[in-house]
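K.L.:
with the input below, show me the fold.
(3 chains)
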Amino acid sequence: MGPAYGRRMDETIEVRGLTKRYRDTVAVDDLTFSVLPGRVTGFVGPNGAGKSTTMRMILGLAAPDAGTASVGGEPYVRKPFPLREVGALLDASDTHPSRRARDHLRWLAESNDIPRSRITEVLELVGLADVGGRRTGGFSLGMAQRLGIAAALLGDPPILMLDEPVNGLDPEGIVWIRGFLRSLAAEGRTVFVSSHLMSELQGTADHLVVIGRGRLLVDASVEELLSSAANGAVVLRTPDRTEVMTVLANAGATVVSTRADALSVTGLGAERIAGLVAEHRLRLLELTPHRATLEDVYLELTRDAVEHAARGDRG
Amino acid sequence: MSAIARRAVTAEWTKLRSMPSTTWTALAVVGITVGLTAFMASTSSTDANQAGGLPGDDDVVANALFGVWLGQVAMVALGALAATSEFATGTIRATLSAIPRRGVAFGAKVTIVAGIAFAIGAVTSVASFLVAQPLQHGNGYNAPAYPHVSLTDPLVLRAVVGTALYLTLLALFAMGVAAIVRHTAAATTVAVTLVLAPTVVLGFFTGTIREVLQWLSPVAGMSIQVTRDRFDNPPYGPWVGLGLTAAWAIGALLVGAWLWRRRDA
Amino acid sequence: MPRRAGTSRALRAGWTKFRSVPSTTWLIVAGIGVTVAFGLLICSAVDTAGGTPGCAPGRAGCGDEDVVLNSLGGAYLGQIPIVALGVLLATTEYATGTIRATFAAMPRRSRVVIANTTLLIGVVLVAGVAASAVSFLLGQPILHGNGFVPAQGYPIVSITDPAAARAILGTGVYLALIAVLAFGVGQITRRAGSAIAIVLGLLYGPAIVSLLLQEPLQETVQKLSPMMAGLAIQSTVERADNVPIGGLAGLGVAAAWAAVAIVAASWFVRRRDV
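P.N.:
Modelled structure (predicted):
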């Protein structure tokens, strides 16, 4: 599935100082970031952080109180054929339950002069070709989600904005969509995917925009994040605890003792530790490097910003 | 009342109180009624230039409650929304799992809506009556042809309290329709139609058919406001009329309750 | 690749949306059905003894029954499914969330409103004229059977009679305008329940209220009321109880109500967050 209409594939989403207030809360607070083509950009934040609101403002569905959002250099609402430039999935249930899936895609296609052949194409792409004639009210959550993705792909757009696309998919579907998003980005498209679970994006996203309480927390590539993070501790077990602790501390590491015979070492790589231990003829029972995951990074970052922490939730 | 019933009623009261539509429709009932009554009272005078009327036969009490003819639409909306909003937003599942016996749940709902409707109805009819008095007096409705009336007069009391009862019955009627139809738009359409259309439809008919339609009209209960003999009075007495509206309300509730208990939520 | 203008695309998409949901078809059918059924009921119930109140057979001044109006009276109830249609066309999108898909696909929101309004007018005009024509054709023989014949002072009216044709077409126009009014109110409130209550109140309320009003206020209320003025187009005979406004002027009043509703709706729609 390559680009069909000879459009530029270098379209960017630009958000500058975007702000949105509701009564006395600030849902989106002076947000500035760009989403570039050719990679998957993850948009991450706890529930209620302002992700959906931001996406709605980019699509012109909600008006910002301050700031601008533009897609491909102009505001979304100025585009004469928006679906051919931006394919968006906001909420899979935004369909009329008595309307058949094909008809839902059909009116979307007609609204933007998209050829009817695309309807069958996208249904096949997402695996819904058999149920095109069924009313959307009879769809399961996973099927509705796939239909939403199909709708986003209808115009073969260079930009894709998907709000929690993994939500409701079965494991097979999750694998499929991850690969699919990566292939879209490989074609040069701009892929903007939101999620409240960082673990979902591990392996899929190349770049991350992390927000909390409407504010930008991080705007960096995944590589940067993982390497700059306290790159995980190395856990080791040894009967010669005191000696090992001294040796490693002298080498500049930070050593913390955890359980009875375990140590957690940060600041030195696993190979270096093994080397030092061998040098001083100390014994080693276990050496496990603990790779930092995005989840760790994320939890660290959003620790203060989590709105609905179970502990403090009074709702 | 058993403990379960008491809990059910409290739960329904909480739910209803937290719905914004309850407040809006309640305000609409009072506002529309009082507004329309005020409009009528300030623009009518004692010359009877209504075709078929006689001079001096104006029913000042009924006129002081005239606004109910439109205010009742809001009351119907209140009843329909109280019943159907649960289906639309999905709290019905939470309700049914919290209170196991469906009959109790429905009964609790009816009780609460009846209570709220009566309170709103009482405020509405009293306010409407009181607002009309100075306006009517200013337009010539004074002794000897129209001696002043007060809330404590037996006829006035019957009309005012009766109107509150009438509005309550309408809210319950709408609830019954909503329980039968289980869809807000349809329930509101049916209920509002049955309350507004009869008066207009009646105008097409004469003779026996007209009288039959009057006996069948859900708004027959407006007869409770009649305190004088007039050419345009319905062919039944005040309490009989109220009974006819009650029949509509009870019938709708019975069918609604039966369907509620039978169906899956 | 040829590009179609924005409004015509909105129209095509709107039409697909309209006919791909069963409820819209059912409401049109109901509108036609109720119009015809109620019209026939009226025709069956009317006899030549009616007419201006105080009339009795043989008295001077009687013989002023309006056979055309009687056969088209079904619209007084038939408009209710039409009101529901207009309201639901607006409110269902908000209730299902489809409105987001609609405005993401067509961000020029006024175009969407215009397109849907045009669609409604087209569909309801056709259905309304059809319903009225059928009511007329089926109703006249019933009236003849009830004594409305030349011998009693009632010449036979055919559908090609200019007065009859005017009334039939005018009723179709009225119903289309009411559908647009309902659509506008639905866009403003976004809730089916309140929109239906408001529109039905707007239509029937003045009729109820004007019963008790005195002149000259009664005349003013009638002339400004969307239903009473709007259906004046059905009158073909001078009667004492006619609304004192010409048929076309009456339709103009209904059109004004519809126009205000649509303009207000557009204003709200353009500004709101979805």
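
K.L.:
so A:Asn112 is in contact with A:Val86, correct?
P.N.:
No: the criterion here is Cβ atoms under 8 Å, and A:Asn112 misses it with A:Val86 at 10.7 Å. From N, CA and C alone the C-beta is placed, and that goes for glycine too.

K.L.:
residue furthest from the geometric center of chain A?
P.N.:
Distance from the C-alpha centroid of chain A, by Cα atoms, centre = their mean, peaks at A:Arg281 (46.4 Å).

K.L.:
host element of it?
P.N.:
Counting by DSSP states H and E, there is no helix or strand that carries A:Arg281.

K.L.:
quick check: the gap between it and chain B.
P.N.:
From A:Arg281 across to chain B, the span is 67 Å (Cβ to the nearest Cβ, to the nearest Å).

K.L.:
contacting residues around B:Pro235?
P.N.:
Counting by Cβ atoms under 8 Å, 6 or more residues apart in numbering or on different chains, B:Pro235 touches B:Glu211, B:Gln214, B:Trp215.

K.L.:
top of those residues by neighbour count?
P.N.:
B:Gln214 (20 neighbours; other Cβ atoms under 10 Å in any protein chain shown).

K.L.:
that one: which element?
P.N.:
Per DSSP H and E: helix B:207-216 holds B:Gln214.

K.L.:
just checking, what packs against the following helix or strand past that helix?
P.N.:
Using DSSP H and E, the helix or strand that follows helix B:207-216 in sequence is helix B:238-262. If you count contacts as 3 or more Cβ pairs under 8 Å, 6 or more residues apart in numbering or on different chains; DSSP states H and E, helix B:238-262 packs onto helix B:102-138, helix B:154-181.

K.L.:
again, only this time at 10 Å
P.N.:
Contacts defined by 3 or more Cβ pairs under 10 Å, 6 or more residues apart in numbering or on different chains; DSSP states H and E place helix B:238-262 against helix B:68-89, helix B:102-138, helix B:154-181, helix B:184-202, helix B:207-216.

K.L.:
what residues sit buried inside the second one?
P.N.:
Right, helix B:102-138. B:102, B:104-114, B:116-118, B:120-125, B:127-129, B:131-133, B:135-136 (16 or more other Cβ atoms under 10 Å in any protein chain shown).

K.L.:
who are the packing partners of the helix of greatest length in chain C?
P.N.:
For chain C, the longest helix by residue count, based on DSSP state H, is helix C:109-145. Under the contact criterion of 3+ Cβ pairs under 10 Å, 6+ apart, helix C:109-145 touches helix C:6-19, helix C:22-45, helix C:67-72, helix C:75-96, helix C:98-105, helix C:162-189, helix C:247-271.

K.L.:
try 7 Å this time
P.N.:
helix C:6-19, helix C:22-45, helix C:67-72, helix C:75-96, helix C:162-189, helix C:247-271 (3 or more Cβ pairs under 7 Å, 6 or more residues apart in numbering or on different chains; DSSP states H and E).

K.L.:
nearest to chain A among these would be which one?
P.N.:
helix C:6-19 (3.8 Å; Cβ to the nearest Cβ).

K.L.:
any buried residues in the closest one, and which?
P.N.:
C:Gly6, C:Thr7, C:Arg9, C:Ala10, C:Leu11, C:Arg12, C:Ala13, C:Gly14, C:Trp15, C:Thr16, C:Lys17, C:Phe18.

K.L.:
can you tell me the closest non-neighbouring residue to the last one?
P.N.:
Taking Cβ to Cβ, 6 or more residues apart in numbering or on different chains as the measure, C:Phe18 lies nearest to C:Thr24, with 5.4 Å between them; neighbours along the chain are not counted.

K.L.:
same check on the third one?
P.N.:
The shortest distance from C:Arg9 to any residue other than its chain neighbours is 5.4 Å, reached at A:Ser111 (Cβ to Cβ, 6+ apart).
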